[in-house]
Structure formats: C-alpha cells, structure tokens
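Chemist: Need coordinates for the below:
(chains A and B)
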Amino acid sequence: MRHEILIVGRGGQGILLLGRILGLAASKYSGLYVTGSEAYASETRGGMSRVDLIIADSPEDIDYIRVRKANIVLFMFPYDLEGYARIMSDDAFIFLNSTYVKEHPYVTRRAFSVPYNEVAEQVVGTSRVSNIVALGHLVARTGVLGDKQVEEALKEIIPEKWLDLNMKALRAGLEIR
Amino acid sequence: MRKAFISGNMAIAEGAIIAGMKFFAGYPITPASDIMEYLVERLNEVGGVVVQLEDEITSINAVIGASWAGAKSMTATSGPGFSLMVEALGLAVISETPLVVADIMRTGPSTGVPTKTSQSDVLQVRHGAHGDHIIPVLVPWSVQDAFELTVKAFNIAESLRTPVILLSDAVIAHLWESAVLKDPGEIEVVDRKKPMVPPSEYLPYKPDEDLIPPMASFGDGYNVIVESLVHDEHGYYRQDSDTYRRLITRLTSKIMSNVDKVFEVESYYVNDSKYVVVSYGSTARAALAAVRVLRSSGVKIGLLRLKTLWPLKPEALREPCRNADLVFVAENNTGKIVADVERFVKNAEVVSLPLLDLEVPTPDEIVEGVKEWL
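Modeler: Below is the predicted model:
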C-alpha cells in the first residue's frame, strides 16, 4: 500500500493542520509509515500553502520526500490547478473546494467538486472548519484511512474547546455523497 | 518506546532528552529555532534547564560551562550562528569538553536566503575552528535518523570527551515523519567516565589507556582545570614541542582510534553496481529515489548514504565502490565531500554532481546528471 497525497490551499485555510491530522492518523493510529513536508508563504494569511504526504506500509517504500505522482489531490483554493497535473496520476482522486474553485481542467477525470465552506457553514455554523469537512470527504471517498483513526488524531491535535466543532465537521465530510 | 509523528527538529530535541541532556543554551535562528522552542516546554519536565542567551558566543560558552558542571549539554544554530561559535568550539576541543552542537544548515554565505535549505556548510563544521582537531560530524536524512543520531552524538561526546556536530538541514528540520522514540535501554546511552582515584592522585588531563582522561566535574571535590593553552597532564601550560605534540596527537588519536564508533554509512544496491552515488542528508533522499528510477530502466547503480561526514573511514568508502566504473557525489553545494571521495576511491572515476537548490533537490536532477555519463 502506498499513497501520495497533495493538499493545496491558501494560508489561513488550515492546510498544514489538515496535513498534521492526516499524518498523525496514518502514522500513530494506523501503524503506517508517513513522510510529510510543508511549503508555505511567509505571510500568516494568503499565499499558497502546500502539504505533501507519502503514506506506505514500510519505510522502505518511501525515499523522496515530495509527491511525484499524487493519487489523492485536494485543492482548497485554485492555485496552479493545471500545473499540478504534472505530478498527479491519471486516475487520481481530485477534490476541489468549489467555494473558491469555480472552473477547473479536471471535468473528465475522477474529480469531486464540493463547496466545503458552505457545507461547514450550514452544518457546523462556521466555515473555519471547511478543512475538516474536506478531510472527512477525502477519507470517506478514498478509504485511505479509517474514520476512527482520523477521529483519534483529531482528539489528539485539536484543543478541547474546539473539538466538538471539528468532530461535527468531520462527520459532515464523511457523509457527503 | 513511543510512536510519534514529529518534525526533524522535534526529533533532535527528543533524542537529546533520551540521551540525558540537562542543559540547553541557544540564540534563535531559523531553521534551528524550533529545537529551543520545543525544549523550553519539554526539558523542564525531565529536570533540565533551557536558557536563551544574548548571542551564539555566550550560548556555546554557557554549554561548555554546564558540561564542566556535569550536565550533558547542547546548543542549536545555523550557519551564521555557527560562525560565531567556532572560537569556543576550539576551546571545547582542547579542554576536552563533551557537548553537542546541532547545526541546521541554511543558504549562505552571510545571511544568504534565510530559511531556505543548503548543504554548503559541510566543510565549515569540519574545519571552522582553528588549530589541529577532529570534530565528529553526523548527518541525518530522516526524522528517525535525526532522533537516533542525536543520541549517538551525545554518546560520542561523552565517551570521547569531544564536541560533536549534528549537521541537519532546513529540509530535514521541518520534515514530518513517523518516528519510534526509543527509551534508554532500547537505545544505547553513554555517560562520561568519572575519576576512580582519590582527589589527591587526580591529574585532570591524564588519559587512561583508551586515551580519554576521566572527567571530574566542578563540585566533585577534585581539582578541575579548564585550560585553553597547550597543557600537560596536570593541566599546566607548557610551551615545549614534546608536550604540544603529545597533546595534539592524543586529541586526534582518541577520535581516530574510535573511528568505528563514529563512522557509519548505509548502502543500497551497491553489490552488483557499476555505478555508485554517494550522498548525504536531504539530498540522499532524492539520490535514493534517483537510483531506483535508474535501476528500473536497467542501470546497475547503487547508493552510499553517509551518516558521518567527519572523520571518514577510507576503506568503508573504497570497498563498496570496488566494482564501480563511475562514482557520483550528489550534494546540495558546489561539490565539497567529492574531494574526499576522490582522495579515497582510486579505481573509479569520481564525478561531482553539485546541486545548488534552495529546495530539496529532485530525483530528476540526479537522474539527468548521471545519464550524461552513461
């Protein structure tokens, strides 16, 4: 088993947090080997944020630290939509946050457009957890990790007072059809 | 033992704690700052102290003092800060002070491109301090490796009474990976040798047969002398060639006679290889991927991944390259360790693959560099 996951978004959307939760869920709670790297602009809000995650059964299956052929891609914001096609496999799962991604070049591929901000707003009452809604959707649709493992990682990383909100967001994402 | 998903810098901090570090002094500098930030919260939980001082010069001198007070000690910095530390590093060499300096390489010279990665300081750490010396340099390529090599750095520092450099880079510093944090017992932890003789018979720089003098700390009741001048076994300054020669020979021999404890290299697919890539640190991650890409197209190529950059063990480089026609040295600088490989590997042509990247080099760059010679 080996997955290459690419997550792209805008600073402030919780892209790095999303990567940490997925990484923790895969490593500590699923017993898999994970390599994750982050790239982000120097500003706190705005600018591109990117997380590369490589998940495998064994450390021998991971060498280079960056994604070279992503099989799971999430765009929370439309940064270089076409350019990233160079590092995706043809049958990659492509998730697009249609709140911001209004047009994209992946209409003929396995792409899922969901307005994660609106879903978060409607179900949880705030679009700030749109990243966790997207996480739930990505996990449910790809089966890359179990729901329970992702919940455990959320519990470990998210501060107590925000946990309910985030668990609700995760469930909303898991239920997207 | 604990499983974790942490960054390379966090792994250095955790490794230091497992190794028994009780004192950390530093001055913030990207990409090393988060080692201190992490330790500020973690080290007092295990009875240690973190101090942020006014600069790097004070930091390493405080580390030397703390080590003489009996605490396993460490600092962390990057190229510009390391430049300020080299004078005191020499003091640590001649006073035989166990300490660890984590140097997280970023782009230079001077302030370079702050926060971007580089491997251009591999010779600075080796030769920065003046005078004759051999300071061991370890270089991790993963988060697990950062943890284990930090423990090893402390073990070498304590057992050989020497400063040790843990040389990471901005990529490994902020790489997040699965790691297994082993406890003492699951990973070897070494403490410095204490004097067995009564204080009246103790000579602070008199070595045992292994060339290492037992080290009394301040407050142990022994006469302790921290001497930066060339000294005899009493720690008294002497300016004759015999004393000088004896001291310098011992300081370098104590490292070289333990080269097997210090030097480590990992090999991948080298046995049947006509071509070998030598690499280290974050660049070696790209090199391993490049080797696998080339092998999948039928090229008999392997990788030697250096875990130690200094001292090197010539036969450990020579032997895996015995059947090679070409040896490539891939490093994220203008080509530095390649000079050593040329010195040691005589039966093959040695080719430098200098990569000057602000991000981690890509496998494609190495594949293309190799293909030009096939």
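
Chemist: which stretches of the chain form strands?
Modeler: No chain was given, so I picked chain A. A:2-10, A:33-40, A:48-56, A:70-75, A:88-97, A:111-114 (DSSP state E).

Chemist: ah, no, chain B please
Modeler: B:2-7, B:21-26, B:49-52, B:72-77, B:99-105, B:137-138, B:163-169, B:176-181, B:265-268, B:275-280, B:301-306, B:308-310, B:326-331, B:349-354.

Chemist: For the second one, name the packing helices and strands.
Modeler: Just to be clear, that refers to strand B:21-26. Strand B:21-26 sits against helix B:33-42, strand B:49-52, helix B:56-68, strand B:72-77, with contacts defined as 3 or more C-beta pairs under 8 Å, 6 or more residues apart in numbering or on different chains; DSSP states H and E. (Glycine included, C-beta is placed from N, CA and C.)

Chemist: how far away is the residue lying closest to residue A:48 once chain neighbours are set aside from residue A:131?
Modeler: Nearest residue to residue A:48, sequence neighbours excluded (C-beta to C-beta, 6 or more residues apart in numbering or on different chains): residue A:79, at 4.7 Å. According to C-beta to C-beta, to the nearest Å, residue A:79 stands 15 Å off from residue A:131.

Chemist: Mind listing residues that contact stretch B:102-111?
Modeler: B:9, B:12, B:30-32, B:35, B:74-80, B:82, B:112-122, B:125, B:150, B:165-170, B:173, B:281, B:358 (C-beta atoms under 8 Å, 6 or more residues apart in numbering or on different chains).

Chemist: Try it again at 6 Å.
Modeler: Defining contact as C-beta atoms under 6 Å, 6 or more residues apart in numbering or on different chains, one finds that stretch B:102-111 is touched by B:12, B:31-32, B:76, B:78-79, B:82, B:113, B:116, B:118-121, B:125, B:165-170, B:173.

Chemist: buried subset of those residues?
Modeler: The neighbour-count criterion (16 or more other C-beta atoms under 10 Å in any protein chain shown) marks B:12, B:31-32, B:76, B:78-79, B:82, B:116, B:118-121, B:125, B:165-170, B:173 among those as buried.

Chemist: Which one of residue A:79 and residue A:131 is surrounded by more residues?
Modeler: Set residue A:79 next to residue A:131 and count neighbours by other C-beta atoms under 10 Å in any protein chain shown: residue A:131 wins out with 28 against 17.

Chemist: In contact with that one, which residues?
Modeler: Applying C-beta under 6 Å, 6+ apart, one finds that residue A:131 lies in contact with A:13-14, A:18.

Chemist: low-scoring stretches of the chain, by residue?
Modeler: Here I'm looking at chain A. By pLDDT under 70, the low-scoring segments of chain A are A:44.

Chemist: not what I meant, chain B
Modeler: In chain B (pLDDT under 70), no residue qualifies.

Chemist: Contact distance from chain A - what residues of it qualify?
Modeler: B:3, B:5, B:175-178, B:285-286, B:288-289, B:363 (C-beta under 6 Å from any C-beta of the partner chain).

Chemist: Where is the longest helix in the chain?
Modeler: If you meant another chain, say so; for now it's chain A. helix A:160-174 (DSSP state H).

Chemist: my bad, chain B
Modeler: Under DSSP H, chain B gives helix B:143-160 as its longest helix.

Chemist: CA atoms of it as PDB?
Modeler: This file holds the C-alpha atoms of helix B:143-160, laid out as PDB (Å, rounded to 0.1, in the frame of the first residue of the first chain):
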ATOM      1  CA  VAL B 143      13.200  12.200  11.300                       C
ATOM      2  CA  GLN B 144      14.100   8.700  12.800                       C
ATOM      3  CA  ASP B 145      17.700   9.300  11.900                       C
ATOM      4  CA  ALA B 146      17.700  12.700  13.500                       C
ATOM      5  CA  PHE B 147      16.500  11.200  16.700                       C
ATOM      6  CA  GLU B 148      19.000   8.300  16.700                       C
ATOM      7  CA  LEU B 149      22.000  10.300  15.500                       C
ATOM      8  CA  THR B 150      21.300  12.900  18.300                       C
ATOM      9  CA  VAL B 151      21.600  10.200  20.900                       C
ATOM     10  CA  LYS B 152      24.700   8.900  19.100                       C
ATOM     11  CA  ALA B 153      26.200  12.500  19.100                       C
ATOM     12  CA  PHE B 154      25.800  12.700  22.800                       C
ATOM     13  CA  ASN B 155      27.300   9.200  23.200                       C
ATOM     14  CA  ILE B 156      30.400  10.100  21.200                       C
ATOM     15  CA  ALA B 157      30.700  13.500  23.000                       C
ATOM     16  CA  GLU B 158      30.600  11.800  26.400                       C
ATOM     17  CA  SER B 159      32.700   8.800  25.700                       C
ATOM     18  CA  LEU B 160      35.400  10.600  23.700                       C
END
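
Chemist: sorry, back to before: which one of the residues of chain B next to chain A is nearest to residue B:374?
Modeler: residue B:363 (15.8 Å; C-beta to C-beta).

Chemist: Any figure for the gap between the closest one and residue B:284?
Modeler: Taking C-beta to C-beta as the measure, residue B:363 falls 11 Å from residue B:284.

Chemist: These two: which has the busier surroundings?
Modeler: When neighbours are counted by other C-beta under 10 Å, residue B:284 comes out ahead of the other of residue B:363 and residue B:284, with 30 against 21.

Chemist: okay but the more buried one is in contact with residue B:141, surely?
Modeler: Yes - the criterion here is C-beta atoms under 6 Å, and residue B:284 meets it with residue B:141 at 4.8 Å.

Chemist: contacting residues around residue A:57?
Modeler: residue A:1.

Chemist: all helices of the stretch 251-374 of chain B, in order?
Modeler: B:259-262, B:281-296, B:314-318, B:338-344, B:363-371 (DSSP state H, counting those that start in this stretch).

Chemist: ah, wrong one, I meant the stretch 101-250 of chain B
Modeler: Along the stretch 101-250 of chain B, counting by DSSP H, counting those that start in this stretch, helices occupy B:124-127, B:143-160, B:170-173, B:241-256.

Chemist: Nearest to residue A:103, out of those helices?
Modeler: Distance to residue A:103, taken as C-beta to C-beta, is lowest for helix B:170-173 among the helices of the stretch 101-250 of chain B, at 34.4 Å.

Chemist: what's the distance between the closest one and the middle of its chain?
Modeler: Remark: helix B:170-173 is offset 15 Å from the chain centroid, using C-alpha atoms, centre = their mean, to the nearest Å.

Chemist: Output that helix in PDB, but only the C-alpha positions, please.
Modeler: This file holds the C-alpha atoms of helix B:170-173, laid out as PDB (Å, rounded to 0.1, in the frame of the first residue of the first chain):
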ATOM      1  CA  ALA B 170      16.300  23.100   6.600                       C
ATOM      2  CA  VAL B 171      14.500  20.300   4.800                       C
ATOM      3  CA  ILE B 172      15.100  17.600   7.400                       C
ATOM      4  CA  ALA B 173      14.400  20.100  10.200                       C
END
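
Chemist: contacts for it?
Modeler: With contact meaning C-beta under 6 Å, 6+ apart, helix B:170-173 is reached by B:8-9, B:31, B:104, B:106, B:117, B:140, B:282, B:360.

Chemist: Buried among the residues you listed? Make that a ChimeraX selection.
Modeler: To isolate the buried ones among these in ChimeraX, judged by 16+ other C-beta under 10 Å, type:
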select /B:8,9,31,104,106,117,140,282,360
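
Chemist: Between the contacts of helix B:170-173, which sits nearest residue B:90?
Modeler: residue B:104 (21.5 Å).

Chemist: Grab the nearest non-local neighbour of the closest one.
Modeler: Of all residues not flanking residue B:104 in the chain, residue B:32 sits nearest, at 4.2 Å (C-beta to C-beta, 6+ apart).

Chemist: right, and that neighbour touches residue B:78 too?
Modeler: Yes - the pair residue B:32 / residue B:78 is scored as a contact, 5.0 Å apart, by C-beta under 6 Å.

Chemist: Measure how buried residue A:69 is and give me the count.
Modeler: Other residues near residue A:69 come to 12 when the count uses other C-beta under 10 Å.
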